[in-house]
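A.B. asks: my questions are about this predicted structure, shown below with the sequence.
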Amino acid sequence: MNVMQLLHKGKVYNGCVSYAGSDLMEVSFEEPSTISGGDSVICFNFQERVQMRVLQVSRSKLVLVPADSEVFKIQAQRDTNYDMYRDEDVSFSSYKLNTYGTLNDDFKTTAVRYCSLSRLGFGFKVNDFSVKMNHVYDTMIICDDEAIHPKIIVRYAHIQERTIRYGAEIHAISPSDLNKLRYYIITQQFREN
């Protein structure tokens, strides 16, 4: 294991890197810290100095990703106006998902398969036309052993051969659910590689 120091709010923590990849780093440490999810830290040793953000915190470990990671640009779009005809030359990184969840509207629950996520929102598939456009839905999305409950607004539909693919922006999501979602995305990408 490589020795790594973490600088956070003027305090230096000593740690050991148990895993280091291009988009994920796991650091173990012994002393208690005040570091929490989403915080920026500077990781350094004798060879390198890297700006990272904390994705997950446990008692003795931190999971870190690069500070400019696309996963931290995923958030609720509540304060922005949706532009249906946005610039097509601008593209955003998309993460593949293969998880199940529900859309809840009043007393009706629809099972869906979530297939992608980007900073613009979720992509999901349903086998019927029951999903309303420009409508806010309460959702439940399964992320490994936990479930998150964001609110989404369905913005477009694309009819495919055997299903309908919908796109929805994230209208509201709690900070803890957002952290769970980010951690789930990164761990899924890590498992695929």
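C.D. replies: Everything's here; your move. Numbering: from 1, shown residues only.
A.B. asks: just read off the phi/psi values of residue 119.
C.D. replies: phi -70, psi -20 (degrees, to the nearest 10).
A.B. asks: any chance you could map the strands in this protein?
C.D. replies: 2-8, 11-20, 25-28, 40-44, 49-57, 61-66, 94-105, 108-118, 121-126, 136-143, 146-148, 151-159, 164-172 (DSSP state E).
A.B. asks: counting neighbours, which bits of the shortest one end up buried?
C.D. replies: Within strand 146-148, the residues that qualify as buried are residue 148, counting by 16 or more other CB atoms under 10 Å. From N, CA and C alone the C-beta is placed, and that goes for glycine too.
A.B. asks: picking that back up, quick one: which of the strands of the chain is nearest residue 182?
C.D. replies: Among the strands of the chain, strand 49-57 comes nearest to residue 182, with 6.0 Å by CB to CB.
A.B. asks: what's the pLDDT at the spatially most distant residue from the centre of the chain?
C.D. replies: Distance from the centre of the chain peaks at residue 46, with 31.6 Å (CA atoms, centre = their mean). On pLDDT, residue 46 comes in at 80.
A.B. asks: now swap in residue 86 and tell me
C.D. replies: For residue 86, the model assigns a pLDDT of 55.
A.B. asks: need the strands of the chain in JSON lines (columns: distance to residue 190).
C.D. replies: Formatted as JSON lines, the strands of the chain follow (distance: least, CB to CB, whole Å):
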{"stretch": "strand 2-8", "distance to residue 190": "19"}
{"stretch": "strand 11-20", "distance to residue 190": "9"}
{"stretch": "strand 25-28", "distance to residue 190": "10"}
{"stretch": "strand 40-44", "distance to residue 190": "18"}
{"stretch": "strand 49-57", "distance to residue 190": "11"}
{"stretch": "strand 61-66", "distance to residue 190": "10"}
{"stretch": "strand 94-105", "distance to residue 190": "12"}
{"stretch": "strand 108-118", "distance to residue 190": "15"}
{"stretch": "strand 121-126", "distance to residue 190": "20"}
{"stretch": "strand 136-143", "distance to residue 190": "14"}
{"stretch": "strand 146-148", "distance to residue 190": "17"}
{"stretch": "strand 151-159", "distance to residue 190": "25"}
{"stretch": "strand 164-172", "distance to residue 190": "23"}
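A.B. asks: and those strands: which comes nearest residue 72?
C.D. replies: strand 49-57 (6.0 Å).
A.B. asks: low-confidence stretches in the chain?
C.D. replies: The chain contains residues with pLDDT under 70 at 1, 32, 78-91, 192-193.
A.B. asks: tell me the buried residues in stretch 23-39?
C.D. replies: Buried, per 16+ other CB under 10 Å, within stretch 23-39: 24, 25, 26, 27, 29, 33, 35, 37, 39.
A.B. asks: for the fifth one, which non-adjacent residue is closest in space?
C.D. replies: Looking back up the chat, that one is residue 29. Sequence neighbours aside, residue 15 is the residue nearest to residue 29 in space, at 3.9 Å (criterion: CB to CB, 6 or more residues apart in numbering).
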